[in-house]
Every structure is written in structure tokens, then in C-alpha cells.
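1. need coordinates for the below:
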Amino acid sequence: MSDKQKTIKQPFTLKGKGLHTGIEVIMTIKPAPINTGFVFVRVDLEGQPTIEADATYVTSTERGTVLEKKGVKIHTCEHILAALTGMDLDNVYIDLNSSEPPIMDGSSKFFVEAIENVGVEEQEAEREYFAIKEIVSYTDPETGSEITAIPSDHFEVTTMVDFGTKVLGTQNATMKDIKDFKNDFAKARTFSFLHELEMLLDAGLIKGGDINNAIVYVDKELSSKTLEKLKLVFEQPEVTVRPNGILDNVNLYYPNEAARHKLLDVVGDLTLVGVKLKAKIIATKPGHHCNTQFAKKLNKLYKLFRRKNIPEIDFHKEPVYNIKDIMRMLPHRPPFLLIDKIMEVDSKHIIGVKNVTINEPFFVGHFPSEPVMPGVLQIEAMAQTGGIFVLENVEDPQNYSTYLIKLDNVKHKRKVVPGDTLILKIDLLEPIRRGIVHMQGYGYCNGQMVVEAEMMAQVVKTKD
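-> All right, here's what the predicted structure looks like:
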């Protein structure tokens, strides 16, 4: 799949009842600019307030995921979010004239079909991923629900469902790739047990429910009183139980439809992390509370990751420039050549690597009993990386030199020692003018920033 951000080609509108409110809802999905994400817009309220699909806004998970920002709420958002993620989108506005998207048939099917009808288009911006580098998990102590993220090069999900009832039994479902969502999971409908359904009806909820938008597993004897109540609520002359233990008028799409719907919910709730994930998700007895608590945890880790600005480096890839290429561009030579390879470069930034070994000559005196890479040499390594950035597009780089003329906001945060791999990232702060380069440099080791500095350099032609 493309790594470009995506939105829909044109708006579309769907109408239906909200599951719990029973109110007729108009929902319009609109294209949105790059880096917008998924944003709910309450067009029925003054000022049309917005709520971003962000885990920090989750306030309740009673029978669905509820977002709230400044007193404005969106109920049961997980099905539409699952559809947006399942269709590989990044940026849309979701206009609603009520607090709840239409329930439709209790799945993501109609949302997915509508997206497919209007089409998807790429946008002129790269997509960002949050690649899980170590196992992250969350366990709900009350329910025993557990969800875990394991490092993977793409997003995949496995759900394991066991409610301790014979009628449902134990079910599993696995989505190996997000492209499988449309055909294998989008039409999996929400479900409930009969005892839960009775409590919801008594509480005045699911006013928009009918017998076609939820699978009801009959986990208790169906009394005549309950039967009459269901006939009235679902506006059906008769309500019976099928041999497989579910209420009639609904045929299962899959024997494990419950597990598939739980997977759909996981996809929708984890959309609230706010970024595409590269992880294998394993969810045992998942529920909205467990899902969203885990989303909040990942959301915090992602925001911390962004603050650190740690580059993602694939050391299995061939470098953009190897040591021979570097020596063609820079005048520096060992023992003062302090970068080994360039892994990434574009018009605004460059990423280089310095492998720090005990063989470095400066360790002889700095210090014999505790070898530490001098901070000034860390700055020099960043400056040399910046030199490559400046000279890579010059036809005759051997005839130019780059000199540091100013350093600001230099900070050394942690030691760099033998065995470390120093990752050097240089961002261009301003366009290069009259040979003056203004850059921001960062150095990272072991997933942590070790040095940063604002640098200004001058490019000078040394030979004609």
C-alpha cells in the first residue's frame, strides 16, 4: 500500500437512527486536508464544535465509545472509525446533526460501501506510522480483558472471545492485513446477550435498535413477558429463537461473527491512538474500556515519541551514501571523520550514523577508566552530517568546505559510550542563502536524545 496520506474523493451522506438515542441522524463524510486526521463536527450546535478522534477525549465506554470535548459528546463512534481505518484513510471530517452516528445494521458495512462508491485519493504528504518497538500491554483487573501490541512491520489484529456462555462459546478471529477489513470484517454486526438487552431496554437505551442491527444471543430462558417486550420494541409480530441460540430475523454471516465484530471494535477504538500503527495486536476478551485504555497508553507513548523526534532507521537497507561516498564529499579523514553512512536525505533533512567503538582514538585520553565520547565531537559529527546535506547536490563538492560559524542552544543530555550507535538528524531551518546554512541538529542513542544544537555554517569554495 502507498505511504501517502489519503482522503475521500468527494463527500457522501448517510441517514439512520442512533442506536441508543433512537434519533434520526444525518451524517456527512467530507474530504479533509493533509494532517487533519478524523474530526467529528457537530453541525447541529452553535459554532459547529469539533472533536478530534483522539483517545484523550474518551470519557465513557458504556455500550460504546464516547468522546467528549468541552461538554460536546459523540457516542458510539467506533464503527465509523473502524470503517475509515479499514479503508486506509487518514483525513476526513465527519459532520453529524446529533450526538451519535447512525447505527445502520450494527456493523461498518454501509460506511465502507459508501467510501468505496465515492473513491479514495492520495494526498501530497507522507503518512506517519508509530512502529511498536517493544511489547506493550494493558490488562483490565475487573474483567480480565487484556490487549497487547507486539512489534511488527504492519498492522494486524487477533481477537479471542470467551464470555463463559455455552450459546456463544469460544471464538477467535485474525486480520493479517488492513486490506482484509473490507471483505472479511466490515459486515460483522454488533451483538448482545439477552440478559444485557433486557437491562438496556429497562434503562431506556437502544431506542434505535431493531432486530436487524444486532445479534442477540439467548443466554437465559425466554419468558413470555420478555417475549412480549421484544415484540413491542422490535415491532415484530413474532420473535423466536433459532436452533443456534440467537433471535430470529438475523442470519449469521460467519460462525465466528462475534469475534469478528470484536476485532472491528478493536480497529475502531485503536484509531483513537491518532496514528497508523505498525504492530501485531492480540486482544483477549476485548471490550471498549480495555481497548480505549490501551489506546490512551499508546497515544501517550506516541506523543512522547514525537517529542523525542526519534528517527526510524532500517539498518538492513543500503545507505544512501556509504563511507566512500562521504569521503568524496567531505575533506575530513580518519581519525577526524565522524560519520560512517547516510541513511536518508531529502530537501529538508538528512540522517547519518556514527558507530562508536572502543577503537576511537579519543577514548585513549577521554577517559582511560571511563570512555565517553567528547561532547564537542558529537557536535562535530552533527556538523559533518550537515556538510553532506549541503554538498550532496553540488557538482564538485571536493572544491568546497563547510565551516561552523555559530552554535546556539547546545544541550548534552546523556553519555555516548563504546558500543553505541549515534543517529544524527539535521533539519534545515531556513532556505540556504548566500552560502549561509541554518540547521537544527539532534543526536540519538538507544532510543533517547543525547545531544542537540542549533547550528549555522558557511559554505566556501576553496578551489577553482
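2. tell me the SS of residue 268?
-> Three-state call for residue 268 (DSSP: H, G, I helix; E, B strand; the rest coil): helix.
3. thought it was touching residue 82?
-> Yes - shown here, residue 268 and residue 82 form a contact pair, counting by CB atoms under 8 Å, at 3.4 Å. From N, CA and C alone the C-beta is placed, and that goes for glycine too.
4. so what sits against both of those two?
-> residue 108 (CB atoms under 8 Å, 6 or more residues apart in numbering).
5. quick one: pLDDT of residue 71?
-> pLDDT for residue 71: 95.
6. what's the spacing between it and residue 37?
-> Between residue 71 and residue 37 the distance is 21 Å, computed by CB to CB, to the nearest Å.
7. of these two, which one has the most company?
-> Using other CB atoms under 10 Å, the more surrounded residue of residue 71 and residue 37 is residue 37, with 19 against 7.
8. who touches the more buried one in this structure?
-> So residue 37 contacts 52-54, 90-91, 274 (CB under 8 Å, 6+ apart).
9. how about the residues you listed in JSON lines, adding pLDDT, secondary structure and distance to residue 343?
-> Converted to JSON lines, those look like this (pLDDT from 0 to 100; DSSP: H, G, I helix; E, B strand; the rest coil; distance: CB to CB, whole Å):
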{"residue": "52", "pLDDT": "97", "secondary structure": "strand", "distance to residue 343": "33"}
{"residue": "53", "pLDDT": "97", "secondary structure": "coil", "distance to residue 343": "33"}
{"residue": "54", "pLDDT": "96", "secondary structure": "coil", "distance to residue 343": "31"}
{"residue": "90", "pLDDT": "97", "secondary structure": "coil", "distance to residue 343": "25"}
{"residue": "91", "pLDDT": "97", "secondary structure": "coil", "distance to residue 343": "28"}
{"residue": "274", "pLDDT": "95", "secondary structure": "coil", "distance to residue 343": "26"}
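10. which among those residues end up buried?
-> 53-54, 90-91, 274 (16 or more other CB atoms under 10 Å).
11. which single one of these is nearest to residue 130?
-> residue 274 (8.6 Å; CB to CB).
12. which one is the closest one nearest to, not counting chain neighbours?
-> The spatially closest residue to residue 274, leaving aside those adjacent along the chain, is residue 54, at 5.4 Å (CB to CB, 6 or more residues apart in numbering).
13. my guess is the one you found meets residue 272, correct?
-> Yes - here residue 54 reaches residue 272: they are 6.1 Å apart, a contact under CB under 8 Å.
14. for these two, list the residues in contact with both.
-> With CB under 8 Å, 6+ apart, residue 54 and residue 272 have common neighbours residue 299.
15. tell me the contacts of residue 356?
-> Residue 356 touches 373, 416-422, counting by CB under 8 Å, 6+ apart.
16. quick check, pLDDT for the closest residue to it other than its chain neighbours.
-> Excluding the flanking residues, the one nearest residue 356 by CB to CB, 6+ apart is residue 420, at 4.7 Å. The model reports residue 420 with a pLDDT of 96.
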